[in-house]
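Student: no sequence for this one, just the structure:
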């Protein structure tokens, strides 16, 4: 009851880095009340009103990030329906994001529309453990297999972190915060025009003593500290009417301590991600034609320096060339065509070294045969250097039933995806392992019901995904070397199905509300065992109230279900209930002070077996906007 009481009281030319700067679109279909819809770019790779997207998508804005006082990417993602986050310790430690039960490496991760998945990662995925959120303006997350438009890895979905776009009026913000165990954070960003050039600049710094990665409640005494630095930049200029170029980059470096599975250790870890991109864009024929040619590069370096055995170092690089054209010959139809080529490289300090390439072609047709009805269908052909060709299909639709700001929206989608084995999985320790590509088929159906004069929306979605050739890892003891030798293999079939419920209210009489609940049944269909580290249930709720005097108060509640920590379901990790409180006060129109208490009741729990989580902790800071 106390938890309920506290809650009640307290890109691509197509992706944002490559998208037009129009955050909202007036559909103009209602005679008495106009529906103002945010544009999203990640779902269709082109700016699209959210009511015309057939897939399940969540948009997290800068206002929501600041209101909840989130500091890391996982803070934001854990509040989204269909997502569960697993981190083996504190900041910097390995962190996985499971979208509808898919493996971490089975979701595509973008920064400003450019892929940041790491070829040096075990599964070719992205480790979220050291990614801060301060430099980003919004997050778009698409759930469901999205292989037609996004290609390899987009089995679970697509997550796109988007930086701010410049406007004619310069804007800037800065933030500084201090709290538990000497954690310090500072971030700054600015965007605007210098003559004809639009600029976006940003940076973030985070440092703290942290807590032991090996659970302190199991006897650990040594803290695992961390330090993270990141910077982003983007420039764009219009060369002629309809013709523009843009280029940008993102850099992050993190140093952190980490432990072994069952004890404290003086291990050191380092991560570095460098991303860059450039695009040439053209828009003409009264905006009915748009085209883009782009280049993107992601270079990563990971160092795991074991205090006993020494460092293990991996390097990964991905380079991509992309071309895309969209044309709307008539108002009710548009076609999108694209081609991509990708080159991946991987090496480590144990002799592994290899590369691979992937060529892709795709097309998507959008029809609007009736007022409020949008239908999409597409096909993609991928030709992988090592795994041959693969054709994937997709279709989705969205139907706004009726008129007015409270008209419900029906959505349904079918999507296929595939993921080739990562170079790490194929060539770990210099030995080749014969593996098959993972493939998926998924569908979902749901309804969105706006309410509270259009300031709120309720969503309910059922989803079902089947995956073949899921790649897993095992190890056997080698008596000659005295070590456990591991290898990767295909386990066969997995299925993830469930229900997502979401409810959001934005600034309704000063109130903001967010509910996200997920029921997930994710199993290995051959053994019947539940997939490791996927909770059956996840629940998040937050309630915030703002007053005209500048005071804001809020509370949140997270209820994580129990899960098995291994594939054989012999190690069970119990659930948890965590409560947080926060407050903020606007000293002036441009200056705000804030503070929060996380894990108010000092809940003792684990998410990954033997690894710790933060106890009760408090933070305070100041935020400045211009």
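Tutor: Okay, I see it. All of these numbers come straight from a predicted model, not from anything done at the bench.

Student: Only C-alpha atoms from now on, for both contacts and neighbour counts.
Tutor: OK.

Student: show me the contacts for the residue nearest the centre of the chain.
Tutor: Geometric centre of the chain, nearest residue: residue 159, 3.4 Å, by CA atoms, centre = their mean. For residue 159, the contact set (CA atoms under 8 Å, 6 or more residues apart in numbering) comprises 107-110, 139-142.

Student: rerun that using 10 Å as the cut-off
Tutor: 42-43, 57-58, 77, 99, 107-111, 113, 115, 139-143 (CA atoms under 10 Å, 6 or more residues apart in numbering).

Student: what does residue 183 give?
Tutor: Shown in contact with residue 183 (CA under 10 Å, 6+ apart): 177, 206-210, 225-227, 619.

Student: Most distant residue from the centre of this structure?
Tutor: residue 480 (43.1 Å).

Student: Roughly how far does it sit from residue 473?
Tutor: Distance of residue 480 to residue 473, given as CA to CA, to the nearest Å: 21 Å.

Student: what does residue 198 give?
Tutor: Distance from residue 198 to residue 473, by CA to CA: 47 Å.

Student: Give me the number of neighbouring residues for residue 196.
Tutor: Neighbour count of residue 196, defined by other CA atoms under 10 Å: 11.

Student: excluding its backbone neighbours, what's nearest it?
Tutor: Closest residue to residue 196 apart from its sequence neighbours, by CA to CA, 6 or more residues apart in numbering: residue 237 at 6.0 Å.

Student: Tell me the helix or strand right after the helix or strand the one you found falls within.
Tutor: For residue 237, the element it lies in under DSSP states H and E is strand 226-240. Sequence-wise, the next helix or strand downstream of strand 226-240 (DSSP H and E) is strand 243-260.

Student: Give me the helices and strands touching that next one, please.
Tutor: Using 3 or more CA pairs under 10 Å, 6 or more residues apart in numbering; DSSP states H and E, the elements in contact with strand 243-260 are strand 197-208, strand 226-240, strand 263-284, strand 289-306.

Student: Let me have those strands in CSV, extended by mean neighbour count, mean pLDDT and distance to residue 607.
Tutor: Rendered in CSV, the data for these read as follows (neighbours: other CA atoms under 10 Å; pLDDT from 0 to 100; distance: least, CA to CA, whole Å):
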stretch, mean neighbour count, mean pLDDT, distance to residue 607
strand 197-208, 21, 97, 21
strand 226-240, 19, 96, 20
strand 263-284, 20, 96, 17
strand 289-306, 21, 96, 22
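
Student: Redo those strands as a markdown table? Include distance to residue 530.
Tutor: Rendered in a markdown table, the data for the helices and strands packed on strand 243-260 read as follows (distance: least, CA to CA, whole Å):
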| stretch | distance to residue 530 |
| --- | --- |
| strand 197-208 | 36 |
| strand 226-240 | 33 |
| strand 263-284 | 27 |
| strand 289-306 | 30 |
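
Student: now the protein, which segments are flagged as low pLDDT?
Tutor: The chain contains residues with pLDDT under 70 at 1-36, 428-433, 477-478, 481-485.

Student: For it, just list every one of the helices.
Tutor: For the chain, applying DSSP state H gives helices covering 2-9, 62-67, 73-77, 147-150, 423-427.

Student: out of those, nearest to residue 377?
Tutor: For residue 377, the closest of the helices of the chain is helix 147-150, at 9.3 Å, according to CA to CA.

Student: Which strands or helices does the closest one pack on?
Tutor: Using 3+ CA pairs under 10 Å, 6+ apart, the elements in contact with helix 147-150 are strand 157-162, strand 333-348, strand 353-370, strand 373-384, strand 388-400, strand 409-419, strand 438-451.

Student: now those in CSV, with distance to residue 90?
Tutor: As requested, those are arranged in CSV below (distance: least, CA to CA, whole Å):
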stretch, distance to residue 90
strand 157-162, 21
strand 333-348, 26
strand 353-370, 31
strand 373-384, 37
strand 388-400, 38
strand 409-419, 29
strand 438-451, 31
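
Student: distance of the closest residue to residue 339 other than its chain neighbours from residue 382?
Tutor: Nearest non-adjacent residue to residue 339, counting by CA to CA, 6+ apart: residue 361, 4.4 Å away. Plainly put, residue 361 is 7 Å away from residue 382 if you go by CA to CA.
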